[in-house]
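> Take this sequence and fold it.
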Amino acid sequence: MSIVFGLCYALGIGASDFLGGLATRRSQALTVVVAMLVSGVASGLVLLTIVPSVFRAQDFGLGAASGLTVGFALMAMFHGLARSSPAVVSPLAALVSTLCPIVFDIVTGGTLEGLVVAGVVIGLIGILLSSFSPDLGPAVKVGLFWGFVAGACFGSALTFLAGTSEASGVWPAVAQRTVGLAVLFTVATTRRVPRFPARGVRMLAIGSGVFGALAVGAFTVGAQRGSITQVAVTGATFPAVTAALAALFRHHPLRWWQVVGIAACVTGVALMAAA
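The predicted model follows:
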């Protein structure tokens, strides 16, 4: 069951990143993320009517702490996607964000199996392959930088969610989206940045927010009811979804070694999930 929730997370984040990346090519990243979080909060409230959830102050607080980092993670992710390639940004963000919940799982009593170590090594090799793109030139370094920043922020956010109790359901996810929206809305207002994108970009941002909120809800429930490591590492296959959508709908070129690199990342995740 943990792997199923992880796959739902991967599909949701992959679709969210694809739509968000398209939106940030036409509008500022901060504007897009604010719009995403608006639809994300609305989607979270809908999930509360579907998933049994009990409000608990401690778990809501962990979700709020997650929200302090997730907005900046989304900004970094979409900034990188807009200026580089999903094949460069997404695999690194996926691997870095996965390591944080794994460490948390170990600290709270889990064990690090040999397959997990092998998965991390193979994943690192995959990142090196997938990030090598001569056509992008300096954009590779840009993508690697923002991919690492996004991964570190996402990893922190997911770790907070992983520490919540099963009874709280999706309340922590709602708290994350709500606090993230409040923080970035304030930042956008202070910087006098438009707080909602133009009509042509609006639906992309809203769609990205819906997919993202559903994904976070799946991760939260999966981590509460099963293995944190399995949910995290299975969910880290989202770069394959983003890259596939980019190749299919934007005809984004993928060289053979990048395909191998993405496959290596997925293989590494599969090994960690099988541990």
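
> how about residue 186, what does it touch?
Taking C-beta atoms under 8 Å, 6 or more residues apart in numbering as the definition of contact, residue 186 has no neighbours. The way it works is simple: take the backbone N, C-alpha and C, and place the C-beta from them, glycine included.

> Quick check on it: phi, psi?
phi -60, psi -40 (degrees, to the nearest 10).

> Kindly report the same for residue 193.
According to degrees, to the nearest 10, residue 193 has phi -90, psi 140.

> who's in contact with the residue nearest to it when sequence neighbours are not counted?
Excluding the flanking residues, the one nearest residue 193 by C-beta to C-beta, 6 or more residues apart in numbering is residue 30, at 5.1 Å. Counting by C-beta under 8 Å, 6+ apart, residue 30 makes contact with 75, 184, 187-188, 191, 193.

> How about residue 177?
37, 40-41, 43-44, 67, 70, 213, 216.

> so which of the residues you listed is the most crowded?
For the contacts of residue 177, the largest number of neighbours (other C-beta atoms under 10 Å) sits with residue 40, at 32 neighbours.

> check which helix or strand covers that one.
Following DSSP states H and E, one finds residue 40 within helix 29-48.

> Please apply the same query to residue 119.
Residue-wise, residue 119 maps onto helix 114-130 under DSSP H and E.

> For that helix, buried residues please.
Buried residues in helix 114-130, counted by 16 or more other C-beta atoms under 10 Å: 116, 119-120, 122-127, 129-130.

> Averaged pLDDT, it. What do you get?
Averaging pLDDT along helix 114-130 yields 75.

> Around residue 38, count how many other residues there are.
Applying other C-beta under 10 Å, we find 18 residues neighbouring residue 38.
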